[in-house]
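Visitor: A structural model of the following input is requested.
(one chain, ligands or ions: 1)
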Amino acid sequence: MLFHVKMTVNLPLDMDPALAARLKSDEKQLAQRLQHEGIWRHLWRIAGHYANYSVFDVPSVEALHDTLMQLPLFPYMAIEIDGLCRHPSSVHSDDR
Ligand SMILES: O=C(O)C[C@H]1C=CC(=O)O1
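Guide: Numbers count the residues shown, from 1 in each chain. As a prediction, this is how the structure comes out:
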């Protein structure tokens, strides 16, 4: 199942810079692992925002929830999710 996910990160202004750096580094490591595993299919920065548009390929809504909750920055994110299905006019029949 494919899901379009918008993540907006809001780190507290008074967060310890070392903690922020560690969370970002841990987040990058997990994000890259999930991309290599084919779970995090797309990751795009939204220009001008500390936010991204992503596409996840997971077996269920529960799997998406569990994946997002693992993210080190999860406690500081506002997340919006839309489920995706094939558009009848799409020419890409081989893509899930
Ligand atoms: O930077 C972000 O958009 C937040 C998050 C998503 C991947 C990652 O490395 O950090």
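Visitor: Check which residues of stretch 74-85 are buried.
Guide: The neighbour-count criterion (16 or more other CB atoms under 10 Å) identifies 76-77 as the buried residues of stretch 74-85. C-beta here means a position set from N, CA and C on the backbone, and glycine is covered the same way.
Visitor: Now do residue 79 against the ligand, distance only.
Guide: When CB to the nearest ligand atom, to the nearest Å is applied, the distance between residue 79 and the ligand equals 11 Å.
Visitor: ok, now which ones touch that residue?
Guide: 5-8, 68 (CB atoms under 8 Å, 6 or more residues apart in numbering).
Visitor: Most widely separated two among those residues?
Guide: For the contacts of residue 79, the maximum inter-member distance is 12.9 Å, found between 8 and 68 (CB to CB).
Visitor: what about the two, which has more around it?
Guide: Set side by side, residue 8 and residue 68 give different neighbour counts by other CB atoms under 10 Å, the larger being at residue 68 (18 against 14).
Visitor: Run the chain-centre distance for whatever helix or strand that one lives in.
Guide: Take DSSP states H and E as the rule and residue 68 turns out to sit in helix 61-70. Average the C-alpha atoms of helix 61-70, do the same for its chain, and the two points are 10 Å apart (CA atoms, centre = their mean, to the nearest Å).
Visitor: Contacts for it, please.
Guide: Here helix 61-70 makes contact (CB under 8 Å, 6+ apart) with 1, 3, 5, 30, 34, 39, 56, 58, 74, 79, 81.
Visitor: Now a PyMOL select for only the buried ones of these.
Guide: Provided next is the PyMOL selection string for whichever of the contacts of helix 61-70 are buried by 16+ other CB under 10 Å:
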select buried, resi 3+5+30+34+56+58
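Visitor: Which ones among the contacts of helix 61-70 lie within helices?
Guide: Among the contacts of helix 61-70, the members falling in helices (DSSP state H) are 30, 34.
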